[in-house]
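# missing the sequence, but the structure's below:
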């Protein structure tokens, strides 16, 4: 008797989340993974490891390809995981249409972000809302997966610059008095959670929030100070300044909806939802209708922030977003 | 020892759903009800019964009143049930802001309609989506309650005109071959379900779908024929005609967003979601994240459609929407 493998298609396979997911899926015998990448991305170094492991890499331009071409490319797949980071909802709506035509068992739209209410707080979350609303109109089986802030972009950097290599995203800002808390997760663990979630009948047509630990900003600064022996300078940003910054960036984006203005607005909105509004907390997740990874998988062996910080300060952590501000 | 009553405010108290809810709440000793009505509605006959039962009737113009006035009017209430039928989301957003300021334990936005996905199918559902998204941004405790099609507007009318008195909404149309099914409910039962739901901790921050039975259009025609002894003519509307009608009405509404065009579009959209798309079914409710009244309250003594139809044909049912096409 042979057990049929679950056929999983991952689009946006070279993105940070896409790589984490494929790595985790490959660790299990249950999945047959196919990676879909932009034709211009087929030679990206992130794919080398997957090529060695004989993962089929399919070039597919989701933006330019007509529906029929996408349908043909994903024919036979059981699960579609979208790892694209769209500036508009059009690409993923088209992918959902194709998934509906193919009759996939589950569609995972590209959420994978800190929690926010559907509208009015985060401009990217609003685009994702358009996608999931389209999925619901299609009556396409789905699971939404959101995730806490990544350790990799959350840790403050000590003055010695020992964490310079980790990311290009500056992270020594502290909003308000530093005692607000937020949920964080190791990006390597996100893929492992996804591998559990997509085969779990309890998560079908549900929202799931994945996180490892809840930390205050103050405690994170103290952790890095303790482990590094250095004093870490805090760039204290009062809540009002953040609010004013969002207003300004929002205005600029309305006047000129460029990619740069989009990112400038988005970064501040994330800070607001993660650190000031308290959106990115397990209890808000429950309020917003999410199942929590802690309840679903209480025995999950996750990497704690303390262990991650030690490794990171020793220069051994995997960097993220090193080439661009955001890998859209 | 005295038990504190749950203080419930009902706005839009003269609407069909508002009346059903207040009637049910008054049947229980647990609730202290206050009815809020437009200043122009204080003398409406629907309120006579409530006045006799000493229900406080508070005139409140939600559209014109500034936030502070609404806050003052609802101060001390535990639960707000909105029965307004807004053409835009502004009124209910303001009411939600007031509810947040007062710190109510639960806000029930004005849903109370057949199931539809959040966007792309029903123009009124889209307005409601704006309201619930605003509620979620406020982190205001809520329960969304939707309900199957009312018996009162679903039964076909036999040629003798014995159901003429029931409603002004024509209901002898049959979409497609009549074998699609939809969920239906007695409007009198909606209030009784609401009285259970608003005090139920399982329904806090959840969506609930309330229905009594699932019927095909064909079976409804046969039921009326059997009970009346008459042959009921079916106005058969092919699915394509409905689709074309929606396209046309949608175009007309975009060109002239008048109330009349709104209703003309809405009526056809309801027909589409109820009878063609299959949105208004318990299984779609589960897909869309709703808890079902049948699961929550399996012992609920509901009125069956057969019993209702008998009563209605005997001229003993309570009419709805008799004065206007829609009681907005």
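That came in fine, so what should we check first? This structure is a prediction, so every number in the text was calculated from the model and none was measured. Numbering: from 1, shown residues only, chains lettered A, B, ... in the order given.

# Helix or strand for residue A:143, just tell me which one.
strand A:143-147 (DSSP states H and E).

# Is that strand in proximity to chain B?
No - applying CB under 8 Å from any CB of the partner chain, one finds strand A:143-147 separated from chain B by no less than 10.5 Å. Yep, even glycine has a C-beta here, placed from its N, CA and C like the rest.

# Next SSE downstream of that strand?
strand A:149-150.

# Mind listing the strands that next one pairs with, and their directions?
strand A:181-185 (parallel) (DSSP bridges).

# What is the subsequent helix or strand relative to the strand it pairs with?
By DSSP H and E, the next helix or strand past strand A:181-185 is helix A:187-197.

# Tell me how far that next one lies from the chain's centre.
For helix A:187-197, the separation from the chain centroid amounts to 11 Å (computed by CA atoms, centre = their mean, to the nearest Å).

# Spatially, what comes nearest to residue A:32 if we skip its sequence neighbours?
Among residues not flanking residue A:32 along the chain, residue A:5 sits closest, at 4.1 Å (CB to CB, 6 or more residues apart in numbering or on different chains).

# And the one you found, how close does it get to chain B?
Distance, residue A:5 to chain B, using CB to the nearest CB, to the nearest Å: 27 Å.

# That residue touches residue A:33, doesn't it?
No - counting by CB atoms under 8 Å, residue A:33 is not a contact partner of residue A:5; they are 9.2 Å apart.

# which of the two has more neighbours?
Just comparing residue A:5 and residue A:33: by other CB atoms under 10 Å in any protein chain shown the higher neighbour count belongs to residue A:33, 25 against 13.

# Can you name the residues that contact the more buried one?
Shown in contact with residue A:33 (CB atoms under 8 Å, 6 or more residues apart in numbering or on different chains): A:8, A:9, A:10, A:22, A:25, A:26, A:55.

# now these: which count as buried?
Neighbour-count burial (16 or more other CB atoms under 10 Å in any protein chain shown) applied to those gives A:8, A:9, A:10, A:22, A:25, A:26, A:55.

# could I get those residues as TSV with pLDDT and secondary structure?
TSV is the format used below for the buried ones among the contacts of residue A:33 (pLDDT from 0 to 100; DSSP: H, G, I helix; E, B strand; the rest coil):
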residue	pLDDT	secondary structure
A:8	98	strand
A:9	98	strand
A:10	97	strand
A:22	96	helix
A:25	97	helix
A:26	96	helix
A:55	96	coil
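
# Out of these, which are close to chain B?
The subset of the buried ones among the contacts of residue A:33 within reach of chain B, counting by CB under 8 Å from any CB, is empty.

# Residue A:249 contacts residue A:262, correct?
No - look at residue A:249 against residue A:262 with CB under 8 Å: they stay out of range, at 9.2 Å.

# Any chance of TSV for the contacts of residue A:33, columns distance to residue B:151?
As requested, the contacts of residue A:33 are exported to TSV (distance: CB to CB, whole Å):
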residue	distance to residue B:151
A:8	46
A:9	46
A:10	49
A:22	53
A:25	50
A:26	56
A:55	56
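
# Next up, phi/psi of residue A:257, please.
Backbone torsions of residue A:257, given as degrees, to the nearest 10, read phi -80, psi 60.

# Give me the number of neighbouring residues for it.
So residue A:257, with other CB under 10 Å, has 13 neighbours.

# Residue A:52 now?
Quick note: residue A:52 (other CB under 10 Å) scores 8 neighbours.

# wait, what's in contact with it?
Not one residue lies near residue A:52 by CB under 8 Å, 6+ apart.

# And for residue A:107?
A:79, A:80, A:82, A:96, A:99, A:135, A:140, A:141, A:142.

# just residue A:13 next, same as before
A:19, A:22, A:35, A:36, A:37, A:46, A:47, A:50, A:57, A:83.

# My reading is that it is in a strand; is that accurate?
No - Residue A:13: not assigned to a strand; according to DSSP: H, G, I helix; E, B strand; the rest coil it is coil.

# What pLDDT is listed against it?
For residue A:13, the model assigns a pLDDT of 85.

# ok, which residues in the stretch 201-328 of chain A are in contact with chain B?
Proximity of the stretch 201-328 of chain A to chain B, by CB under 8 Å from any CB, involves residues A:205, A:206, A:284, A:286, A:287, A:288, A:289.

# Have a look at the contacts of residue A:13 and tell me the least confident one.
Scoring those by pLDDT puts residue A:46 last, at 86.

# The closest residue to that residue other than its chain neighbours and residue A:37, how far apart?
Nearest-residue entry for residue A:46: residue A:14, 4.7 Å, with adjacent residues in sequence omitted and distances by CB to CB, 6+ apart. Separation of residue A:14 from residue A:37 (CB to CB, to the nearest Å): 6 Å.

# do residue A:296 as well
When CB to CB is the yardstick, residue A:296 and residue A:37 sit 30 Å from each other.

# Repeat that for residue A:65.
Residue A:65 is 13 Å from residue A:37, by CB to CB.

# Show me which of the two is the more surrounded one.
Between residue A:65 and residue A:37, counted using other CB under 10 Å, residue A:37 has the larger neighbour count: 25 against 18.

# excluding its backbone neighbours, what's nearest the more buried one?
Nearest one to residue A:37, counting by CB to CB, 6+ apart, is residue A:13 at 5.1 Å.

# So which bits of stretch A:112-120 are buried?
For stretch A:112-120, the neighbour count (16+ other CB under 10 Å) marks A:112, A:113, A:114, A:115, A:116, A:117, A:118, A:119 as buried.

# Could you say which helix or strand holds residue A:264?
helix A:259-271.

# quick one on the thing from earlier: now, which of the buried residues of stretch A:112-120 sits nearest residue A:184?
Distance ranking of the buried residues of stretch A:112-120 against residue A:184, using CB to CB, places residue A:114 first at 9.2 Å.

# Just say helix, strand or coil for that closest one.
Going by three-state DSSP: residue A:114 is coil.

# any idea how far residue B:107 is from it?
On the measure of CB to CB, residue A:114 and residue B:107 end up 25 Å apart.

# wait, residue A:180 sits on residue A:216?
Yes - counting by CB under 8 Å, residue A:216 is a contact partner of residue A:180 at 6.5 Å.

# Which one's more surrounded, these two?
Ranked by neighbour count (other CB under 10 Å), residue A:180 and residue A:216 place residue A:180 first, with 19 against 16.

# sorry, back to before: other SSEs contacting the strand holding residue A:143?
Counting contacts by 3 or more CB pairs under 8 Å, 6 or more residues apart in numbering or on different chains; DSSP states H and E, strand A:143-147 packs against strand A:106-108, helix A:187-197, strand A:206-210.
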